[in-house]
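> build me a model from this:
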Amino acid sequence: MRYIKVLLLVLLIFFSLVFFFQNQTALSTAMTLKLNLFFVPEMTSIPLPFYFIVIVAFFVGALLAVALLLWDKMHLTARYMKSKWRVSALEREVAKLKKSLDGETARGDFLRKVSQEKAQAIEAAPAKEKAEAKPEEVTAPDPDQA
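Got it, this is the predicted structure:
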């Protein structure tokens, strides 16, 4: 791609030079530029060859294009850096949340383990009582108190 750009630039310069050499008499005519604004006296330039005005206009346009491209590049670079900082801040937040979640998970695992042991003890207790219970000890509900 770089070679294609260089080739196009060389062709542009070549055709510009051919244009200037073939139209040298027409481009050599002198021109004076005038600026007439309200409330300002009329301003005129010294007589300049037309090719000089064309070349100066080309370079001013090129400088403006480069300035706009640099402005856009700086703007995009600033946005990129801001986004990069935001991503790193979010990554730090995710790491912090994972760390706190791991701590809660460890605590939760401990609590879950303790609660499972209690649940097993509760489930085992009625089974133990049923095994130890005698038929005489089983009481029927009192109908008078109901």
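
> for this protein, what spans make up the strands?
Counting by DSSP state E, the chain has strands at residues 30-31, 34-35, 43-44, 48-49.

> deepest-packed of the ones you listed, please.
Most buried of the strands of the chain, by mean neighbour count (mean count of other CB atoms under 10 Å): strand 48-49, with a mean of 14. No exception for glycine: its C-beta is placed from N, CA and C like everyone else's.

> just name the shakiest helix or strand of the protein by mean pLDDT.
The weakest-scoring helix or strand in the chain, judged by mean pLDDT, DSSP states H and E, is helix 50-132 (a mean of 82).

> mind checking how far residue 48 is from residue 58?
Distance, residue 48 to residue 58, using CB to CB, to the nearest Å: 14 Å.

> likewise for residue 69?
For residue 69 relative to residue 58 (CB to CB), the value is 16 Å.

> go on, residue 85?
Applying CB to CB to residue 85 and residue 58 gives a distance of 41 Å.

> coming back round to it: for the strands of the chain, which one sits closest to residue 116?
Residue 116 sits nearest to strand 34-35 of all the strands of the chain, at 91.7 Å, using CB to CB.

> what does the pLDDT read for residue 36?
You'll see residue 36 listed with a pLDDT of 89.

> what number of residues lie near it?
9 (other CB atoms under 10 Å).

> give me the phi and psi for it.
In terms of degrees, to the nearest 10, the main-chain angles of residue 36 are phi -130, psi 100.

> return the residues in contact with it.
42-43 (CB atoms under 8 Å, 6 or more residues apart in numbering).

> from residue 53, how far out is it?
Residue 36 is 18 Å from residue 53, by CB to CB.

> do residue 100 as well
Taking CB to CB as the criterion, residue 100 is separated from residue 53 by 70 Å.

> between those two, which is the more surrounded one?
residue 53 (14 against 10).
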